[in-house]
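K.L.:
Sequence unavailable; structure follows:
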Ligand SMILES: C[S@+](CC[C@H](N)C(=O)[O-])C[C@H]1O[C@@H](n2cnc3c(N)ncnc32)[C@H](O)[C@@H]1O
C-alpha cells in the first residue's frame, strides 16, 4: 500500500517496519448542526493520499466512525478527529486539508484543542519530512495553530513527544459557552474525557506469532487467540490480519467509546500499541490485562484525563503501578494543562 515500506536491514537481513505511530487529535468547538461525519469517504480517501495510506475497513457506532487504515486507524465523531498512523506516513501534511474540509463540508471553523504525540521512532532518520525531527513537526503545527506548546518526556531513547494548545485556564469553557449561547444550544459544561495509551516494545515472540498468517488463518482467529476480544467488554470489533504478518483492530462501543490496537510482530522490531478513551476509576486492571495479553519487555503508558473524568484519579495511580514485581518503573512525569492532567510513565521488566 502507498505508505508501506518494509526495509531490509543490511546487518541481519531481518525485516524492519516502523510500528511507532504519530497520533493527532483535533477537537473543534461545538456548533449546532456541525459534524465531521458529513465529510464523505471519498474526501477522506483524498486526505489520506497526502498521508500515504489507505482505508481498508470501516465500522461505526452512533457516535463515532472508525476506519482501519493500511497504516493504523482514523476515528471521526461530531467534533473530534483522530488520526494514528505508523510506518513512513506523513499525517501532519494533511492537517491543512482537514481544517479546510472541517469548515467547508462539516461546518466546523473553530479549533478547540489539538494533541499531537508520538514515541521516539526506532529509526528517526528514515522518516519523511516533517516527521524526521520533532522541531520540524512543531514548526508545522505552529503554522496551523499558532499558540502551541511542545513537551518531551522521559529519557532520550524512550522519550515521548507532545504538542498541544495551551489556552488560558477557563478560556476554553468560556468560548464553548459563548458559542453555545450564540447557537442557542443548552450548555452543560465541558465533556469529561480521558485517553489511555500503552506503547509496548520487545514483545514475547510466542504472542507475536499469533499475528502471522502462518499461525492464524484470519484476523478473528488472532483476536480470539490473543484475548483481544476480552480486553474491554462490549466492543464491536473490526480487525485485520496483514500478509504475511501484522494486525490492526478498531473497537467501538454503544456509549461512544473506542479502542484501537496495532501490532508489528517482526522479531527485530516488535511493537504493539493500545489506545482507548474508555472511562474507569482505575486503569490498573485494564493495564494488567493488556500486559498479560502481549507480554512486552518494555512499555510506556500515558493517561490524559479532564478534572471531571472518572479517570481523574486513575491517571495518578499509573505512577504506583508495579504489576506484582514484574515491571520496574524507570520514569514518571506529570503535566497540568488547561482542563487536562497528563501522566507519563515508563516501565521495563526486572532483569530475570
Ligand atoms: C499496519 S500494521 C500495525 C502497525 C502499528 N503501528 C504497530 O503498532 O506496530 C504493521 C504491521 O503489518 C505489516 N504489514 C504487512 N503488510 C502491510 C501493508 N500492506 N501495510 C502496512 N503494514 C503491513 C508490517 O510489516 C507490520 O508488521
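P.N.:
Nice, I can see it. For clarity, every value in this text was computed on a predicted model and none was experimentally measured. Numbers count the residues shown, from 1 in each chain.
K.L.:
In the stretch 201-350 of the chain, which residue sits nearest the ligand?
P.N.:
Distances between the stretch 201-350 of the chain and the ligand by C-beta to the nearest ligand atom are smallest at residue 246, namely 1.8 Å. Every C-beta, even on glycine, is put in place using the N, C-alpha and C of the backbone.
K.L.:
what's the spacing between that residue and residue 287?
P.N.:
Counting by C-beta to C-beta, to the nearest Å, the separation of residue 246 from residue 287 is 24 Å.
K.L.:
One more: residue 21?
P.N.:
In terms of C-beta to C-beta, residue 21 sits 19 Å off from residue 287.
K.L.:
re earlier: these two touch, right, the residue of the stretch 201-350 of the chain closest to the ligand and residue 270?
P.N.:
No. Here residue 246 lies out of contact with residue 270, judged by C-beta atoms under 8 Å, at a distance of 10.9 Å.
K.L.:
Could you tell me which residues touch both of those two?
P.N.:
Both residue 246 and residue 270 are in contact with residue 264, where contact means C-beta atoms under 8 Å, 6 or more residues apart in numbering.
K.L.:
List the residues that contact residue 47.
P.N.:
94, 97-98, 101.
K.L.:
picking up where we left off before, residue 21 and residue 287 - which one has more neighbours?
P.N.:
The neighbour count for residue 21 versus residue 287, taken as other C-beta atoms under 10 Å, is higher for residue 21 (27 against 23).
K.L.:
Who are the contact partners of the more buried one?
P.N.:
Counting by C-beta under 8 Å, 6+ apart, residue 21 touches 72, 84-86, 118, 262, 273.
K.L.:
and those residues, which two are the farthest apart?
P.N.:
118 and 262 (13.0 Å; C-beta to C-beta).
K.L.:
what number of residues lie near residue 116?
P.N.:
25.
K.L.:
Contacts only, for the residue of the stretch 51-200 of the chain found nearest the ligand.
P.N.:
Per C-beta to the nearest ligand atom, residue 86 is where the stretch 51-200 of the chain lies closest to the ligand, at 3.0 Å. Contact partners of residue 86, counting by C-beta under 8 Å, 6+ apart, are 17-22, 71-72, 262, 264.
K.L.:
which sections of this structure are below the confidence cut-off?
P.N.:
Where the chain drops to pLDDT under 70, the residues are 1-14, 167-190, 314-316, 319-320, 322-324, 352.
K.L.:
Which residues of it lie near the ligand?
P.N.:
The chain comes close to the ligand at residues 1, 4, 6, 17, 19, 21, 70-72, 86, 242, 245-246, 248, 262-266, 271-273, as judged by C-beta under 6 Å from any ligand atom.
K.L.:
go again using 5 Å as the cut-off
P.N.:
1, 4, 17, 19, 21, 70, 72, 86, 242, 246, 262, 264, 271, 273 (C-beta under 5 Å from any ligand atom).
K.L.:
Out of the contacts of residue 86, who's the most crowded?
P.N.:
Highest count within the contacts of residue 86 by other C-beta under 10 Å belongs to residue 71, 29 neighbours.
K.L.:
Please name the nearest non-neighbouring residue to residue 93.
P.N.:
Spatial nearest neighbour of residue 93, excluding adjacent residues (C-beta to C-beta, 6 or more residues apart in numbering): residue 50 at 5.2 Å.
K.L.:
Any idea how many residues pack against residue 206?
P.N.:
9.
K.L.:
ok, and what's touching the strand or helix carrying it?
P.N.:
Assigning secondary structure by DSSP states H and E places residue 206 in helix 205-209. For helix 205-209, contacts defined as C-beta under 8 Å, 6+ apart pick out 215, 226, 263, 265-267, 270, 293-295.
K.L.:
If we use 7 Å, what do you get?
P.N.:
Residues from elsewhere that reach helix 205-209 (C-beta atoms under 7 Å, 6 or more residues apart in numbering): 215, 226, 265, 267, 270, 294-295.
K.L.:
Distance of the closest residue in space to the residue of the stretch 51-200 of the chain closest to the ligand that isn't next to it in sequence relative to residue 58?
P.N.:
Among residues not flanking residue 86 along the chain, residue 21 sits closest, at 4.5 Å (C-beta to C-beta, 6+ apart). Residue 21 sits 19 Å away from residue 58, going by C-beta to C-beta.
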